[in-house]
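In: how does the following fold in three dimensions:
(chains A and B)
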Amino acid sequence: MTMLHTVNKSPFEKDSMTSCLRLSADGSSILLIEDGVYAALEGTAMSDSVKAAMKNRKVYALQEDINARGVEGKVMDGIEQVDYAGFVKLVTEHDKVQSWV
Amino acid sequence: MSETKKFLYVNRRAPYGTIYAWESLEVVLIGAAFEQDVALAFVDDGVYQLTKGHDTAGIGMKNFSPTYAAMGDYDINKIYVEKESLEARGLTLDDLQHLVWEDEDEDWAEKDSIKVVSSAELAELMEQQDVVLSF
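Out: A predicted model of the protein is given here:
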């Protein structure tokens, strides 16, 4: 059973991402969408926790939301950017989706 | 009703994920049209409102970031960005739009609108206002 976690809140405003990192199992996937994409950026107060999680979880970020916010140049290495079609594909490839709203 | 008050708009939310940033911008421009003394502060995720290069075509929302560059024409030239908020997000002044205004007392010389301030400086600025509106 693999789970896809989605996070749509900024990690600096809400603790959704922190809780997701604490409560997601090894081998699961995390997709950052909407304001959640700020967790994908290099050099922030959150970067180290996300990097640590990436050792045993795959992290994705939605390209459209990254471009909307003008931060495409700051996405951390190892985070895979997907478009809306990629989002749908991820949902079909996982058994369940948990939304950390 | 000719009294001019000092208004400070405090912006603490990222753009697009919620409507706060856009709503604030509309209220700011209305305040300026009533010839009040308007200043803006960008703190916490609010600093993301001013980043360069927004392209919202993919999310089907209006890109309102070019409007910040028009604020100089409304005599809005006091834009304070908290240094600590930038640093926590790995951002510098170079990541933000270059916002300017023209000083009519100095032959319309172009001047920077954004001033990066410390938390302590911003706290002092807030104390000096007549009205503080938070978004």
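
In: quick one: list the elements packing against the helix or strand of chain B at the bottom of the mean pLDDT ranking.
Out: Least confident element among the helices and strands of chain B, by mean pLDDT, DSSP states H and E: helix B:20-33 (a mean of 92). When contacts are defined as 3 or more Cβ pairs under 8 Å, 6 or more residues apart in numbering or on different chains; DSSP states H and E, helix B:20-33 sits against strand B:6-11, strand B:37-42, helix B:66-69. C-beta: built from backbone N, CA, C; applies to glycine.

In: now do the buried residues in it.
Out: Across helix B:20-33, burial judged by 16 or more other Cβ atoms under 10 Å in any protein chain shown covers B:20, B:21, B:22, B:24, B:25, B:28, B:31, B:32.

In: what do you get for stretch B:81-89?
Out: B:81, B:82, B:83, B:85, B:86, B:88, B:89.

In: hang on, the earlier thing: let's have the helices and strands packed on helix B:20-33 in TSV, adding mean neighbour count and distance to chain A.
Out: Listed next are the helices and strands packed on helix B:20-33 as TSV, based on neighbours: other Cβ atoms under 10 Å in any protein chain shown; distance: least, Cβ to the nearest Cβ, whole Å:
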stretch	mean neighbour count	distance to chain A
strand B:6-11	21	13
strand B:37-42	23	13
helix B:66-69	14	12
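
In: now render the ones you listed as a markdown table, adding mean pLDDT.
Out: As requested, the helices and strands packed on helix B:20-33 are arranged in a markdown table below (pLDDT from 0 to 100):
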| stretch | mean pLDDT |
| --- | --- |
| strand B:6-11 | 96 |
| strand B:37-42 | 96 |
| helix B:66-69 | 96 |
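
In: now the ones you listed in TSV, with distance to residue A:31?
Out: Below are those laid out as TSV (distance: least, Cβ to Cβ, whole Å):
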stretch	distance to residue A:31
strand B:6-11	28
strand B:37-42	28
helix B:66-69	30
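
In: closest to residue B:53 out of these?
Out: helix B:66-69 (11.3 Å; Cβ to Cβ).

In: so what secondary structure elements neighbour the closest one?
Out: helix B:20-33.
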